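Q: only the shape, not the letters, is given here:
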């Protein structure tokens with residue numbers, strides 16, 4: 001009986017270890033998955049994906065629309081314990097300041113988290129003064145990129161400053177959010 005209990009406990013332990021390993025692999029693959037997804041969206045919609053950014057730093061994913069670099073940085077938790085993940089995300093919102101200081105970088109930066117972790121993050125928008133950070137999932141990438149691309153289609157968009165384009169994007173975003 002004791003041997004049977006030990007065997008059952010070992011099986012449960014092995015299943016739990018396998019589940020945790022699978023989750024770690026899934027989160028490790030998150031960065032590659034996001035990169036492939038953004039590259040596919042860019043390819044399908046004739047948007048420039050920037051492999052090597054012309055400024056200091058190395059964000060995970062950068063696209064170029066209206067001569068502005070838009071950053072999508074993939075973030076995932078280090079382990080299964082998600083209690084520290086919101087603090088990690090908050091720390092990352094501060095660390096992307098290095099990109100926001102660059103003139104050619106859009107002042108809206110997106111941190112892409114795995115879909116199965118978004119429920120632990122209460123605050124998904126951070127107004128950092130000079131720039132904004134948005135916490136999104138993979139599902140939101142395409143609508144965001146396409147809405148940013150839409151601004152480029154307007155004839156007068158080239159004549160607008162980046163701040164004026166941001167204001168227009170903000171108004172369109174509020175209308176979309178309201179509807």
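A: Good, I have the coordinates. Everything quoted here is computed from the prediction, not taken from an experiment.

Q: so where's the chain uncertain?
A: 27-28, 79-80, 154-159, 173, 175-179 (pLDDT under 70).

Q: what are the ranges of the strands in it?
A: Secondary structure of the chain by DSSP state E: the strands cover 48-50, 61-65, 68-74, 108-112, 125-127, 132-136.

Q: of all those strands, which one is nearest residue 38?
A: strand 61-65 (4.8 Å; C-beta to C-beta). C-beta coordinates here come from the backbone N, C-alpha and C atoms, glycine included.

Q: hmm, who's touching that closest one?
A: Contact partners of strand 61-65, identified using C-beta atoms under 8 Å, 6 or more residues apart in numbering, comprise 34-35, 38, 42, 47-50, 53, 69-74, 145, 148-149, 151-152.

Q: mind checking which of those residues are buried?
A: Neighbour-count burial (16 or more other C-beta atoms under 10 Å) applied to the contacts of strand 61-65 gives 34-35, 38, 42, 47, 53, 69-74, 145, 148-149, 151.

Q: hey, which helix is longest across this protein?
A: helix 2-28 (DSSP state H).

Q: so which elements touch it?
A: Here helix 2-28 touches no other helix or strand, going by 3 or more C-beta pairs under 8 Å, 6 or more residues apart in numbering; DSSP states H and E.

Q: center of this protein - which residue?
A: By C-alpha atoms, centre = their mean, the mean C-alpha position of the chain lies nearest to residue 112, the distance being 2.0 Å.

Q: wait, doesn't it sit right on residue 73?
A: Yes - the pair residue 112 / residue 73 is scored as a contact, 6.9 Å apart, by C-beta atoms under 8 Å.

Q: before we move on, back to that, specify the beta-bridge partners of the residue nearest to the centre of the chain.
A: Note on residue 112: beta-bridge partners by DSSP bridges are residue 74, residue 136.

Q: contacts only, for it.
A: 34, 72-75, 136-138, 141.

Q: recalculate using a threshold of 10 Å.
A: Taking C-beta atoms under 10 Å, 6 or more residues apart in numbering, we find residue 112 in contact with 30-31, 33-35, 37-38, 60-61, 72-76, 134-141.

Q: then residue 126?
A: Residue 126 neighbours (C-beta under 10 Å, 6+ apart): 89-90, 92-94, 96, 109, 111, 132-135.

Q: what's the answer for residue 73, then?
A: So residue 73 contacts 31, 34, 59-62, 92, 95-96, 99, 109-113, 133 (C-beta under 10 Å, 6+ apart).

Q: try 6 Å this time
A: 59-60, 111 (C-beta atoms under 6 Å, 6 or more residues apart in numbering).

Q: tell me which of the strands of the chain lies nearest to residue 166.
A: strand 108-112 (7.3 Å).

Q: having no further points to raise, I will conclude here.
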